[in-house]
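**Q** Give me the fold of what follows.
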Amino acid sequence: MILGVGGFFGYKHLSETTYSPRVQAEEYLQALVDADVERAMEMAPATGDELDYSLMTNEIYSKATDRISGFEVTDVVVNDGTADVTVDVKQGDDTQAMKLELSENGTEAVFFKKWKLDAPLGSWSLRYTLDEDASEPAVNGVSVEMPEDGRKLAVLPGEYTFNAPTGTKFVSYGGDEKMSVRLDGQESLMGVAFIPEITDAAREEIKAQTKAHMESCLKLTELQPKGCPNQADGEDPNNFRNIKWSMAKEPAYESIEGDPSFPFSVELVNGQFTLDAEMKEGDEWRAMKGTVELYSLPAMVDIQGETITMTFAD
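**A** Numbering: from 1, shown residues only. The predicted model follows:
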């Protein structure tokens, strides 16, 4: 290659500006600042089947807060077809020294070396746990499809709002969760989980069904009605007639909690029933009144969509 003095200095100037690894690195970093994730990924494709890239879109990242906000190239070292570009990256009030590695990738405009980024600025990811029955997952207000194979989600530094999935009348996933991903973030510590929990409406429905069950039991005229807690155990049913039950002390739930993803148990405690009847003594029937203690009444609760089914122990 033969260049005059002017041509040499022009070549040198273009090599250090327009066609330098610094310019390639700056273009890439500016794309991150501009939340142009798709352009950044074109320049430095992310690799690795262990990650899911559903959140790496312009729409989602542009709506994140506390993003990468600036950068300054502090050093460029070119050596035998490779280049290391050291850069201070800014996120909020924090600045982190990081490095981009580039390599030669042919020529451009005949004389000038082309450069390509060997890898993205860094790798950040987080775990996301979502109940399989949850619907309409969204991040930063954008609907997304979550990975089904448990892979972690690739992200860029910033604060993301994971919108709580839509629940039902009886199942809630709580409120939105915010996740802050820092430049020096430790991905093993980052994770978002929406755990299903029962709602107050579910608790009220459980109480209502329990009350209805108790009322139906009190209407029975048996000494030991099956599936009911008002049972005078140890007595001979043939020795009783004109049986009437009433509630002397209404039992209560100490708590109503459980994972609505599966049937869960609840327990009524501390109740008391009154038994009015005639009891046979010898050849005569005499009026009697007694009490039956309810120490514990377990039940299973199964929540399916908008329906709650309760099964009471015999």
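
**Q** contacts, neighbours, all on C-alpha from now
**A** OK.

**Q** in the stretch 151-300 of the chain, which spans are helices?
**A** 200-218 (DSSP state H, counting those that start in this stretch).

**Q** any low-confidence regions in it?
**A** Per-residue confidence for the stretch 151-300 of the chain (pLDDT under 70) gives these ranges: 186-190.

**Q** Who are the contact partners of residue 246?
**A** 218, 273-275 (Cα atoms under 8 Å, 6 or more residues apart in numbering).

**Q** Please produce a markdown table containing those, extended by neighbour count.
**A** Converted to a markdown table, the contacts of residue 246 look like this (neighbours: other Cα atoms under 10 Å):
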| residue | neighbour count |
| --- | --- |
| 218 | 21 |
| 273 | 22 |
| 274 | 18 |
| 275 | 22 |
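
**Q** need those residues in a markdown table with distance to residue 295, can you?
**A** Below are these laid out as a markdown table (distance: Cα to Cα, whole Å):
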| residue | distance to residue 295 |
| --- | --- |
| 218 | 17 |
| 273 | 11 |
| 274 | 14 |
| 275 | 16 |
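
**Q** Kindly indicate which of these lies nearest residue 61.
**A** Nearest to residue 61 among the contacts of residue 246: residue 218, at 61.2 Å, using Cα to Cα.

**Q** residues in contact with stretch 147-155?
**A** Contacts for stretch 147-155 (Cα under 8 Å, 6+ apart): 50-56, 123-128, 181.

**Q** try 10 Å this time
**A** 46, 49-57, 60-61, 122-130, 132, 146, 181, 187, 191 (Cα atoms under 10 Å, 6 or more residues apart in numbering).

**Q** Could you give me the ChimeraX selection string for whichever of those are buried?
**A** With 16 or more other Cα atoms under 10 Å as the criterion, this ChimeraX line picks the buried residues out of the contacts of stretch 147-155:
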select :46,51,52,53,55,56,57,60,61,123,124,125,126,127,128,130,146,181,187
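
**Q** low pLDDT regions in the stretch 1-150 of the chain?
**A** 1-19, 48, 106-112, 148.

**Q** all strands for it, in order.
**A** Secondary structure of the stretch 1-150 of the chain (DSSP state E, counting those that start in this stretch): strands located at 51-52, 68-79, 82-91, 94-108, 112-117, 124-130, 138-139, 142-143.

**Q** can you redo the ones you listed as CSV with distance to residue 240?
**A** Output for those, formatted as CSV (distance: least, Cα to Cα, whole Å):
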stretch, distance to residue 240
strand 51-52, 70
strand 68-79, 82
strand 82-91, 81
strand 94-108, 82
strand 112-117, 91
strand 124-130, 56
strand 138-139, 64
strand 142-143, 66
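
**Q** And the ones you listed: which comes nearest residue 286?
**A** Taking Cα to Cα, strand 124-130 is the member of the strands of the stretch 1-150 of the chain nearest to residue 286, at 63.4 Å.

**Q** so what secondary structure elements neighbour that closest one?
**A** Packing partners of strand 124-130 (3 or more Cα pairs under 10 Å, 6 or more residues apart in numbering; DSSP states H and E): strand 51-52, strand 152-155, strand 177-181, strand 191-194.

**Q** Recalculate using a threshold of 7 Å.
**A** Secondary-structure packing of strand 124-130 (3 or more Cα pairs under 7 Å, 6 or more residues apart in numbering; DSSP states H and E): strand 152-155, strand 191-194.

**Q** ranking the ones you listed by burial, who's on top?
**A** When you average the neighbours per residue for each of those (mean count of other Cα atoms under 10 Å), strand 152-155 leads with a mean of 20.

**Q** Find the nearest non-adjacent residue to residue 144, please.
**A** The spatial neighbour of residue 144 that comes closest, neighbours along the chain excluded (Cα to Cα, 6 or more residues apart in numbering), is residue 138 at 5.3 Å.

**Q** what do you get for residue 302?
**A** residue 263 (4.4 Å).

**Q** neighbours around the closest residue to residue 199 other than its chain neighbours, how many?
**A** Nearest residue to residue 199, sequence neighbours excluded (Cα to Cα, 6+ apart): residue 170, at 5.2 Å. Neighbours of residue 170 under the rule other Cα atoms under 10 Å: 22.

**Q** heads up, I number from 43, so please use that
**A** With 43 as the first residue, the last one maps to residue 212.

**Q** My guess is residue 212 contacts residue 246. True?
**A** No. Using Cα atoms under 7 Å, residue 212 makes no contact with residue 246, being 9.7 Å away.

**Q** what residues are up against the closest residue to residue 83 other than its chain neighbours?
**A** Spatially, and ignoring its direct neighbours in sequence, residue 83 is nearest to residue 162 (7.6 Å; Cα to Cα, 6+ apart). For residue 162, the contacting residues are 86-88, by Cα atoms under 7 Å, 6 or more residues apart in numbering.
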